[in-house]
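**Q** What follows is a predicted protein model with its sequence.
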Amino acid sequence: MKVIGLLGAHNPAGVTAKLLEAVLAGAARHAETELVDLNQYDLKPDIGNQPNPDLDKLDAKLLAADVWVLAAPTYIGGVSGVMKQFCDCFRNRIARFNAVGEAVPDRFKNKHYVTISDCYAGGVENYLTGVTDATFKTLDKFLTMGGLIKLREVVLTKTWGLKALPAAKQAECERVGERAAQRRVKDDSTMKRYLQLFGMIAVMALVTMGIEALIGRWLPLTNFWAYYAVFVVVFYVLLAAILHFFTVVKHRRR
């Protein structure tokens, strides 16, 4: 089992690096680990048959690793330039493209990954405005394009002037790394999602029926179609609210 960490930050001794080191420290209890500073590589895209030795080295390292940990600070509302350069240059290697330009997972399919980011904004501000959202979404899109499976993400806010990680964040990172390094025979995310969907629908149906019972006290719903129409409208509103929470609000990290 091997866990590789990619550091996409300008400061190799900064907060982002410390977060990555903490995750790898936890992973080291169960696996071989390696930290790669992307600043030390000449990152450029593949052009024709021209040699690209640094990208070849990264390719080999990533292929040999079971878990990838990508760490990049959030700069000006997006992923750092160093990490973005890597994603852009490695785009044609992480997946193959078919005749119509669609990305198809290939050599890295079913590997796992953890993403890390940090920002100067406070926790409440990040939660309400989603300062780090763009960074995580960019990394998720890049990695899932190659068929990698997400394990966890780590975020640290209010990093202005921070010299060392808070003890709680250090412990969290080590736990994330330790869990990521434990080999998984198979992923059960599909069954988990089915169970979540079943629970969501069951709760929504119960709440909808309760709301209809309250509405029935003021507005008689003796007609089948009237009862059905109210049920559909209430159910739709609840569904839209829940989907909005899980796709937008939940991703506003604190």
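**A** Yep, that arrived.

**Q** Where does the prediction get shaky in the stretch 51-200 of the chain?
**A** Along the stretch 51-200 of the chain, the model assigns pLDDT under 70 to residues 183-189.

**Q** hey, where'd the strands end up in it?
**A** 67-71, 74-75, 78-79, 95-97, 103-105, 112-118, 149-156 (DSSP state E, counting those that start in this stretch).

**Q** Would you mind putting those strands into TSV with mean neighbour count and distance to Arg179 alongside?
**A** To be clear about C-beta, it is placed using only N, CA and C from the backbone, and glycine gets the same treatment. TSV is the format used below for the strands of the stretch 51-200 of the chain (neighbours: other CB atoms under 10 Å; distance: least, CB to CB, whole Å):
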stretch	mean neighbour count	distance to Arg179
strand 67-71	27	10
strand 74-75	21	24
strand 78-79	22	24
strand 95-97	16	26
strand 103-105	15	24
strand 112-118	26	9
strand 149-156	19	7
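
**Q** what residues are up against Ala27?
**A** 3, 33, 67, 69, 177-178, 180-181 (CB atoms under 8 Å, 6 or more residues apart in numbering).

**Q** now the lengthiest helix in the chain, how far from the chain's geometric center?
**A** Longest helix in the chain, counting residues (DSSP state H): helix 189-218. Put simply, helix 189-218 sits 27 Å off its chain's centre (CA atoms, centre = their mean, to the nearest Å).

**Q** so what does it touch, helix or strand wise?
**A** Here helix 189-218 is seen to pack against helix 224-247 when contacts are counted using 3 or more CB pairs under 8 Å, 6 or more residues apart in numbering; DSSP states H and E.

**Q** for Gly48, what are its contacts?
**A** So Gly48 contacts nothing (CB under 8 Å, 6+ apart).
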